[in-house]
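Trainee: quick check, what structure comes out for this input:
(one chain, ligands or ions: 1)
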Amino acid sequence: MSPAWWAWVATRDSLTARLMEAGNGRTFRVRLLEQRLGRPRPDEARAMGLPLDRMAWLREVALCLDGRPWVVARSVAPLAQLRGQRLERLGERSLGSWLFRQPDLERGPIEITATPAPFHPLPGPWGRRSVFRHRRFAVLVQEFFLDAMADELQLPTR
Ligand SMILES: C=C(O[C@@H]1C=C(C(=O)O)C=C[C@H]1O)C(=O)O
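Mentor: All right, here's what the predicted structure looks like:
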């Protein structure tokens, strides 16, 4: 992986904040693609340590700069621990804007993949996922960096 991409894929702070900064005056927007209750995919359930049949809160967004998607993301939170979180009403506010406000937020290891997003057709060089934990709440956040981002920021192919 090139150092330029490593700086993005390995960052442990808010991707939203970094995109806004890198957007360099472009308008940042979270476009909500889907938000519903459903069953995580098997690999997502395994990453969360969840039984396969457990329902979860599923959220898919595109993080757009000047209307162009640079990142697509899919987050999975087990329902049982969602009580009291107001995530259903996040709408087009960034999940990160809520997550990174939690004082005792923990972020697990970041896993990286070169496989494109299984939930979205746009291609891209790298994807990553990690589990955020805050008290009893946990959410798996999966983010896929798209070719459009590489194009706009003149990043290397990989
Ligand atoms: C976790 C963050 O939130 C971002 C925003 C998301 C959303 O609004 O659904 C999902 C993934 C992240 O890229 C972050 O900003 O780092």
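Trainee: list the contacts of Arg12.
Mentor: 107, 110 (Cβ atoms under 8 Å, 6 or more residues apart in numbering). Quick note: C-beta positions are derived from backbone N, CA and C, even for glycine.
Trainee: how near is whatever residue of the chain ends up closest to the ligand to Leu63?
Mentor: Here the chain gets closest to the ligand at one residue, Gly96, 2.2 Å apart by Cβ to the nearest ligand atom. Gly96 is 9 Å from Leu63, where distance means Cβ to Cβ, to the nearest Å.
Trainee: likewise Arg41?
Mentor: Separation of Arg41 from Leu63 (Cβ to Cβ): 21 Å.
Trainee: neighbour count: the two, which is higher?
Mentor: Per other Cβ atoms under 10 Å, whichever of Arg41 and Leu63 has more neighbours is Leu63, with 24 against 16.
Trainee: quick one: the more buried one is in a strand?
Mentor: Yes - applying DSSP: H, G, I helix; E, B strand; the rest coil, one finds Leu63 inside a strand.
Trainee: hang on, isn't it packed against Pro69?
Mentor: Yes - Leu63 is within contact range of Pro69, at 6.9 Å (criterion: Cβ atoms under 8 Å).
Trainee: find residues that contact each of those two.
Mentor: With Cβ under 8 Å, 6+ apart, Leu63 and Pro69 have common neighbours Arg31.
Trainee: quick one, helices of the protein?
Mentor: Assignment of helices within the chain using DSSP state H yields the ranges 3-9, 15-22, 42-48, 95-99, 147-152.
Trainee: so which of the ones you listed is nearest Ile112?
Mentor: With Cβ to Cβ as the measure, helix 3-9 is the member of these nearest Ile112 (5.6 Å).
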